[in-house]
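Colleague: What would the 3D arrangement of this be:
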Amino acid sequence: MDARPQPPGVAFEPTRPLTRGRKAGMFVFGALVWVAAGALAIALLGHSYILRHLLAAVVISWLGFGLALLWGIAIRRGEERRELP
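Modeller: Numbering: from 1, shown residues only. This is a model prediction of the structure:
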């Protein structure tokens, strides 16, 4: 007998899925916002060691998340191909 309550079986489903182009555009736009914020911080606060590293970290994380996104898309497409009759 399990005394813990079971979570409801609710799944999120978007009303309208994003197109591939729009998803890529949002990803690039998000990266550009962070790069612009870093460049603005460097311009306003001066060229300091920590700010350059922050900007480098943003660029590197953007590349890492981009590769993870592409990998996830490739895995999903592979699963969808296997499910076709």
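
Colleague: correct me, but Leu45 touches Arg52?
Modeller: No: using C-beta atoms under 8 Å, Leu45 is not in contact with Arg52, being 11.2 Å away. For the C-beta atoms, the positions are set from N, CA and C on the backbone; glycine is no exception.

Colleague: in the longest helix seen in the chain, what's buried?
Modeller: Using DSSP state H, we find that the single longest helix of the chain is helix 49-83. For helix 49-83, a neighbour-count test (16 or more other C-beta atoms under 10 Å) marks 51, 54-55, 58, 62 as buried.

Colleague: Spatially nearest residue to the spatially most central residue of the chain, not counting backbone neighbours?
Modeller: Central residue of the chain (C-alpha atoms, centre = their mean): Phe65, 5.6 Å from the mean position. Spatial nearest neighbour of Phe65, excluding adjacent residues (C-beta to C-beta, 6 or more residues apart in numbering): Phe27 at 7.9 Å.

Colleague: Return the backbone torsion pair for the one you found.
Modeller: Note on Phe27: its backbone torsions stand at phi -60, psi -50 [degrees, to the nearest 10].

Colleague: What's the separation between it and Leu70?
Modeller: Distance of Phe27 to Leu70, given as C-beta to C-beta, to the nearest Å: 10 Å.

Colleague: before we move on, what about Val35?
Modeller: Distance from Val35 to Leu70, by C-beta to C-beta: 20 Å.

Colleague: now swap in Gly64 and tell me
Modeller: Separation of Gly64 from Leu70 (C-beta to C-beta): 11 Å.
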